[in-house]
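Engineer: Take a look and give me a structure for this.
(one chain, ligands or ions: 2)
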Amino acid sequence: MDQIKRRTIKDLLKAHKAEDIGTIVNVKGWVRTKRGNKNVAFVALNDGSIVHSIQIVLDLANFDEEVIKLITTGACINVNGTLVESLGQGQSVEIQATAIEIYGSADAETYPLQKKGHTLEFLREIAHLRPRTNTFGAVLRIRHAMAFAIHKYFNDNGFYYLHTPIITGSDAEGAGAMFRVTTLDAQNPPLNEEKHVDYKQDFFGKETNLTVSGQLEAELGAMALSNVYTFGPTFRAENSNTPRHLAEFWMIEPEVAFCEIQDDMDLAEDFLKYLIRYALTNCIDDLEFLNKMYDEELITRLNFIVDNDFVRLDYTEGIEILLASGQKFEFPVSWGVDLQSEHERYLVEKHFKKPVILTNYPKDIKAFYMKMNEDGKTVRAMDVLFPKIGEIIGGSQREENLEKLLKRITEMGIPEKDVWWYLDTRRFGTAPHSGFGLGFERLILFVTGMSNIRDVIPFPRTPMNAEF
Ligand code: ATP
Ligand code: MN
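Structural biologist: Ligands and ions are numbered 1, 2, ... in the order given. Predicted coordinates:
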């Protein structure tokens, strides 16, 4: 078989030139389907570069019967052939094969993706193969585009990417239960005089965990570089089996000096709209596929977000609306409660029918570092609430005053010695600053219209699940 430079299927379908027609091209990919009759076979070939497959036409008289037999769903093949305009619907070009090499066959009896239309639940059990479905191809390409757009947005707006640690010695992040990192012998750990595990003998000479947030370290960066962001994996050991929680997820956390809560909200809204606009411009084939297969409101909803202002509302007013709604909630509402996703979604989907940024939450349900309001009861927190998702962003203005911050950590029982380095930013050249955390998979849930967070990350980590 002649060696010809490989073209991607995306390139051939979307970017072929008039002079390519009639020439011999090469494609490689995985067989999605094969159909035909005793004279001719039509193979739909996909290489993941685009949601569409290219049609390969095989004149059976020109090929070995043994080779033809091995071209089954899931097999990987290498094809040379003439590029021709397609007469079939919806296809711009197809390939009339002149030579075929089988890279890898896939036994029709045992290949799990033999048939179409598997449930998403079933596909989760074969997470090692599900990228080969159109659905996961679409989700993974959108995920890539969003990661790229996030870096682009920040780069274009003068933010620096700060790598914060994954292993943290601080347990004051306060965002949730943590996974311990240790090299001590689990069967027989060294004990100290009080008969507790002696972490002084552990790898780092102290207790360490996987990070639940890069924020505290991001603040250190913002107090030098002004505008920074983190984008990395975060870990939460909560046993929450919901369609919106993972034990390992990715978070984007901008942290900005000289930025008050209003600017923080402006940034969050502009950022989210930019990302959604980016998806609409750059991922439309995949979005159209997902719109057709899973969620016929998807593209309309994405356009709606881009075109409309988010509602900005006080927590207290939000509670009043919920109390007056006459709606029966699983978790009762009163001033001071942490909002559940059912409450958030009521405000967004039923009441305002728009994304909502809720601000000025009670201090008791928020973290120690949030800036206190004059009322002494609420803090300058802001959560962005989205349709179908609930909370997609959580952020705040940070307390920059040393005395007030010390008072808060004492009230909350956080030992000063654990956060001395954080307090130093308030000791030396403190400045007003704000930031937020966007859950990357929550964003991907929203942009793809998928309904379970396990279906927007290649290898989900959830309680009792870390197989692949
Ligand atoms: P929730 O109330 O929805 O559990 P949270 O308030 O605990 O979230 P934050 O600590 O504010 O979350 O984290 C910032 C963002 O990270 C959230 O707005 C959300 O988008 C995302 N996030 C938080 N926890 C998870 C998780 N377990 N899996 C996926 N994303 C998460
Ligand atoms: Mn939050």
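
Engineer: Now the residue of the chain most remote from its centre. Nearest residue, chain neighbours left out?
Structural biologist: Distance from the centre of the chain peaks at residue 61, with 48.3 Å (CA atoms, centre = their mean). Setting aside the residues directly before and after it, residue 61 is nearest to residue 39 in space (CB to CB, 6 or more residues apart in numbering), at 7.2 Å. Backbone N, C-alpha and C define where each C-beta goes, glycine included.

Engineer: Checking my notes, the residue farthest from the centre of the chain in a strand, right?
Structural biologist: No - Residue 61: not assigned to a strand; according to DSSP: H, G, I helix; E, B strand; the rest coil it is helix.

Engineer: thinking again about what came up before, and the gap between the residue nearest to residue 61 and residue 57?
Structural biologist: 11 Å (CB to CB, to the nearest Å).

Engineer: Which one of the two is surrounded by more residues?
Structural biologist: residue 57 (18 against 9; other CB atoms under 10 Å).

Engineer: Pull the contacting residues for the nearest residue to that one once chain neighbours are set aside.
Structural biologist: Once flanking residues are discounted, residue 57 sits nearest to residue 96: 5.0 Å by CB to CB, 6+ apart. Applying CB atoms under 8 Å, 6 or more residues apart in numbering, one finds that residue 96 lies in contact with 57, 59, 81-82, 84.

Engineer: and the two most separated of these?
Structural biologist: 59 and 84 (12.5 Å; CB to CB).

Engineer: I believe residue 328 is in a helix; please confirm or correct that.
Structural biologist: No - counting by three-state DSSP, residue 328 is not found in a helix; it is coil.

Engineer: what about it, how many residues close to it?
Structural biologist: Neighbourhood size, residue 328 [other CB under 10 Å]: 7.

Engineer: Over to residue 58?
Structural biologist: Neighbours of residue 58 (other CB under 10 Å): 24.

Engineer: who does the host helix or strand of it pair up with?
Structural biologist: Per DSSP states H and E: residue 58 is located in strand 54-59. Its sheet considered, strand 54-59 pairs with strand 40-46 (antiparallel), strand 93-104 (parallel) by DSSP bridges.

Engineer: Highest mean neighbour count out of those strands?
Structural biologist: strand 40-46 (a mean of 20; mean count of other CB atoms under 10 Å).

Engineer: about what we covered before: got a markdown table for the contacts of residue 96, with distance to ligand 1 too?
Structural biologist: As requested, these are exported to a markdown table (distance: CB to the nearest ligand atom, whole Å):
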| residue | distance to ligand 1 |
| --- | --- |
| 57 | 45 |
| 59 | 51 |
| 81 | 45 |
| 82 | 49 |
| 84 | 47 |
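
Engineer: Look up how far residue 107 lies from residue 63.
Structural biologist: 20 Å.

Engineer: Then residue 412?
Structural biologist: 59 Å.

Engineer: between residue 63 and residue 107, which one's more packed in?
Structural biologist: Taking residue 63 and residue 107 together and counting by other CB under 10 Å, residue 63 has the greater number of neighbours (16 against 11).

Engineer: I figured the more buried one hits residue 101, correct?
Structural biologist: No - judged on CB atoms under 8 Å, residue 63 makes no contact with residue 101 at a distance of 11.2 Å.

Engineer: Beyond the strand holding residue 58, next helix or strand please.
Structural biologist: By DSSP H and E, the next helix or strand past strand 54-59 is helix 65-70.

Engineer: Tell me what angle the next helix or strand after that following helix forms with strand 93-104.
Structural biologist: As assigned by DSSP H and E, the chain's next helix or strand after helix 65-70 is strand 76-85. Put simply, strand 76-85 runs at 170 degrees to strand 93-104, going by axes from the mean of the first three to the mean of the last three CA atoms, to 10 degrees.

Engineer: Strand 76-85 pairs with which strands, parallel or anti?
Structural biologist: In the sheet, strand 76-85 lines up with strand 24-36 (antiparallel), strand 93-104 (antiparallel) (DSSP bridges).

Engineer: so what's residue 169 up against?
Structural biologist: Per CB under 8 Å, 6+ apart, neighbours of residue 169: 204, 206-208.

Engineer: what's the farthest-apart pair in these?
Structural biologist: 204 and 207 (8.3 Å).

Engineer: Now tabulate the strands paired with strand 76-85 in JSON lines and tack on mean pLDDT and distance to residue 143.
Structural biologist: JSON lines is the format used below for the strands paired with strand 76-85 (pLDDT from 0 to 100; distance: least, CB to CB, whole Å):
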{"stretch": "strand 24-36", "mean pLDDT": "97", "distance to residue 143": "20"}
{"stretch": "strand 93-104", "mean pLDDT": "98", "distance to residue 143": "26"}
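
Engineer: mind checking which of these is nearest ligand 1?
Structural biologist: strand 24-36 (30.7 Å; CB to the nearest ligand atom).
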